[in-house]
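S.K.: Please find the sequence and the predicted model below.
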Amino acid sequence: MIANFFQKTKPIHAIIISMLFLIYFLATIIFVEQPLFSFLLIIKKLGLLLVFFILFFLIRFINRKNYLSEMNAYVLLILVILFGTFPRTMQMDNLFLAHFLLLFSFRRIYSVRTFKSVNQKLFDSGFWIGIATFFYCWSTVFMLLVFATALVHKKNSIRTILIPIVGFVTPLFLAFTYFFVTDDIVTFYQKLTFVYSFDFDIYREMLMLVPLVVLFVLTFMSIGLVSIRSASLSNDLKQSWLLVIVHFSCAVYIILMASSKEGSEMIFLFFPIAIILTNYLQLLNKNIFREIIVYTLLVLSLSAYIL
């Protein structure tokens, strides 16, 4: 029983999840990318693999440190399955780099709950979003998550609003200075030009339509049921849950506005969906329902390679 096996966290779980990700990673290279193999390609893919394990460590750290879910291996398992479901997200491009940088911002955002060094955390959150924006300008949307954090934790003063804005502007100002000095200011403006598209043709293809429908049905069902349960939880947990929902909403908005819709933009959804579905799995009393959901997600990931 897979769901029951991952209900706790042990070293063996990390090994199995790592092996599962490696299978998805190799399958993406062989069946999706189909590149011409070379020594340089192997080096690049090994480097990307290392970055992925850092990414998983960061997400695990954010989750554990801020008690976004209980102590189990569901978050990493669901995260790996999501990468397998949308193999285009396993490419080193600007969206991937932006998401990776945003994780450092999320780490600071969710830790505001401790009320330690709040101003520094708000500045750092804006700072990392500013850097991520330079790689993918729609990353700016996550500034809403920073402001929501200040509001939820009752830190909604003029000062707490200005601090993350200053943090956000700082790396952009440094980048502007560099491009101005090198007489390449056009490139700076190009990187910060918001280009959007409402062409959703790719989402109508079975390869994207099936997993998207299933994931969104499960996610919205989870949000509804867990939100009802959160009414009886402590304020701390309710606030964190509300921020996860805001996080998910920001990610959905970015995907809707993304100029290039090819699957790689789905990476922004992975963190909030993994947290949301994990909380839903924890809520279920019967193992059979957990098994159905986990097996559904696994089968869903196979659709990326057989449809």
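M.R.: Structure received. Residues are numbered from 1 along each chain as shown.
S.K.: Could you use CA atoms for every contact and neighbour count after this?
M.R.: Fine.
S.K.: Where does pLDDT dip in the stretch 201-307 of the chain?
M.R.: 232-235, 307 (pLDDT under 70).
S.K.: all helices for it, in order.
M.R.: Applying DSSP state H, counting those that start in this stretch to the stretch 201-307 of the chain gives helices spanning 206-230, 235-257, 267-283, 287-306.
S.K.: Going by neighbour count, which residues in the longest one are buried?
M.R.: Neighbour-count burial for helix 206-230, with 16 or more other Cα atoms under 10 Å as criterion, is recorded at 207, 208, 210, 211, 212, 215, 218, 219, 222, 223, 226, 227.
S.K.: do the same with stretch 55-63
M.R.: 55, 56, 58, 59, 62, 63.
S.K.: Among those residues, name the ones in strands.
M.R.: With DSSP state E as the criterion, strands contain none of those.
S.K.: And the furthest pair within these?
M.R.: 55 and 63 (12.4 Å; Cα to Cα).
S.K.: middle-most residue in this structure, spatially?
M.R.: For the chain, the residue nearest the mean C-alpha position is residue 271 (3.4 Å; Cα atoms, centre = their mean).
S.K.: Residue 59 is in contact with that residue, correct?
M.R.: Yes: taking contacts as Cα atoms under 8 Å, residue 271 lies within contact range of residue 59: 7.4 Å.
S.K.: any residues in contact with both of those two?
M.R.: With Cα atoms under 8 Å, 6 or more residues apart in numbering applied, the contact sets of residue 271 and residue 59 do not overlap.
S.K.: who's in contact with stretch 9-26?
M.R.: Against stretch 9-26 from outside (Cα under 8 Å, 6+ apart): 6, 71, 72, 73, 76, 77, 80, 81, 83, 84, 87, 90.
S.K.: again, only using 10 Å
M.R.: With Cα atoms under 10 Å, 6 or more residues apart in numbering as the test, stretch 9-26 has contacts from 5-7, 27-28, 30, 32-33, 45, 49, 52-53, 56, 70-74, 76-81, 83-87, 90-91, 301-302, 305.
S.K.: State the mean pLDDT of that stretch.
M.R.: Stretch 9-26 comes out with an average pLDDT of 91.
S.K.: From residue 76, how far out is residue 57?
M.R.: 9 Å (Cα to Cα, to the nearest Å).
S.K.: so what sits against both of those two?
M.R.: By Cα under 10 Å, 6+ apart, the residues touching both residue 57 and residue 76 are residue 63.
S.K.: Low-confidence stretches in the stretch 1-150 of the chain?
M.R.: Judged by pLDDT under 70, no stretch of the stretch 1-150 of the chain qualifies at all.
S.K.: which helix is the longest one in this structure?
M.R.: Secondary structure of the chain per DSSP state H: the longest helix is helix 39-65.
S.K.: chain center to that helix, what's the gap?
M.R.: Mean-position distance between helix 39-65 and its chain equals 14 Å (Cα atoms, centre = their mean, to the nearest Å).
S.K.: Give the burial count for residue 248, as a bare number.
M.R.: Using other Cα atoms under 10 Å, residue 248 has 22 other residues around it.
S.K.: what's the answer for residue 188, then?
M.R.: Neighbour tally, residue 188, other Cα under 10 Å: 17.
S.K.: Please apply the same query to the one 3 residues further on.
M.R.: Taking other Cα under 10 Å as the neighbour definition, residue 191 ends up with a count of 14.
S.K.: What of residue 91?
M.R.: Around residue 91 there are 17 residues (other Cα under 10 Å).
S.K.: where does it land in three-state SS?
M.R.: For residue 91, the assignment made with DSSP: H, G, I helix; E, B strand; the rest coil gives coil.
S.K.: circling back to that earlier point, can I get the buried residues of helix 206-230 in JSON lines including distance to residue 284?
M.R.: Listed next are the buried residues of helix 206-230 as JSON lines, based on distance: Cα to Cα, whole Å:
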{"residue": "207", "distance to residue 284": "29"}
{"residue": "208", "distance to residue 284": "28"}
{"residue": "210", "distance to residue 284": "24"}
{"residue": "211", "distance to residue 284": "22"}
{"residue": "212", "distance to residue 284": "22"}
{"residue": "215", "distance to residue 284": "17"}
{"residue": "218", "distance to residue 284": "13"}
{"residue": "219", "distance to residue 284": "14"}
{"residue": "222", "distance to residue 284": "10"}
{"residue": "223", "distance to residue 284": "13"}
{"residue": "226", "distance to residue 284": "10"}
{"residue": "227", "distance to residue 284": "14"}
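S.K.: Appreciated, that's everything.
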